[in-house]
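Visitor: I need the structure of the sequence given here:
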Amino acid sequence: MSDDGILEQVDGRWQLRFVRRLPHPPATVWRAITEPEHLAAWFPARVDGERALGARLTFVFENGEGPDTEGEITAYDPPSRFELRWGDELLRFDLRPDADGCVLTFVDAFDEVGKAARDGAGWHACLDLLEHDLAGDDAPWTSGDRWAEVHPGYVERFGPEAATIGPPG
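Guide: Model prediction:
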């Protein structure tokens, strides 16, 4: 199983899909993908709001990387599915038990193919940080360094049309 995301078009939208096998039970990974204190270690923005189906959310970039964005929880089925709308994107986390751990499938659905390589590298770095957080250790690189390391591979795999929107600010 590769750590790399794949780009596909589904129902008229683009989506990045990542599948990672994690050596942790679904309940542990569920906490890491839903609880604010764990999200702070790997998710690109602070997520304010109640964790419940239909709850309104605000995504806050604490260092000015982007504007605050509204969203909502569109699926909430602990510990197997967490789906949320972030602006016009839909993020879905699916967990399924697998031996002594679980398989995480993460999907980001969006409309503009030009940002696929940028965001693919970004989510790749975020999921790598999630794995380090779950292991209880610090990553040996910054998220920006990891992004710069994996981004060229996403540009090469996805093609120039998926790389028209540049790196994060």
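Visitor: so where do the strands sit in the chain?
Guide: 6-10, 13-22, 46-48, 56-60, 69-77, 81-86, 89-98, 101-110 (DSSP state E).
Visitor: How about the contacts made by residue 120?
Guide: Counting by C-beta atoms under 8 Å, 6 or more residues apart in numbering, residue 120 touches 5, 7, 16, 154, 158, 162. C-beta here means a position set from N, CA and C on the backbone, and glycine is covered the same way.
Visitor: just those residues now: which is nearest residue 26?
Guide: For the contacts of residue 120, the residue nearest residue 26 by C-beta to C-beta is residue 5; the value is 21.0 Å.
Visitor: how close does the closest one get to residue 42?
Guide: Separation of residue 5 from residue 42 (C-beta to C-beta, to the nearest Å): 15 Å.
Visitor: Between these two, which is the more surrounded one?
Guide: For residue 5 versus residue 42, neighbours defined as other C-beta atoms under 10 Å are more numerous around residue 5 (28 against 20).
Visitor: Which residue, neighbours along the chain excluded, lies closest to residue 45?
Guide: Excluding its sequence neighbours, the residue lying closest to residue 45 (C-beta to C-beta, 6 or more residues apart in numbering) is residue 59, at 4.2 Å.
Visitor: Please read the previous query as pertaining to residue 85.
Guide: Once flanking residues are discounted, residue 85 sits nearest to residue 71: 4.6 Å by C-beta to C-beta, 6+ apart.
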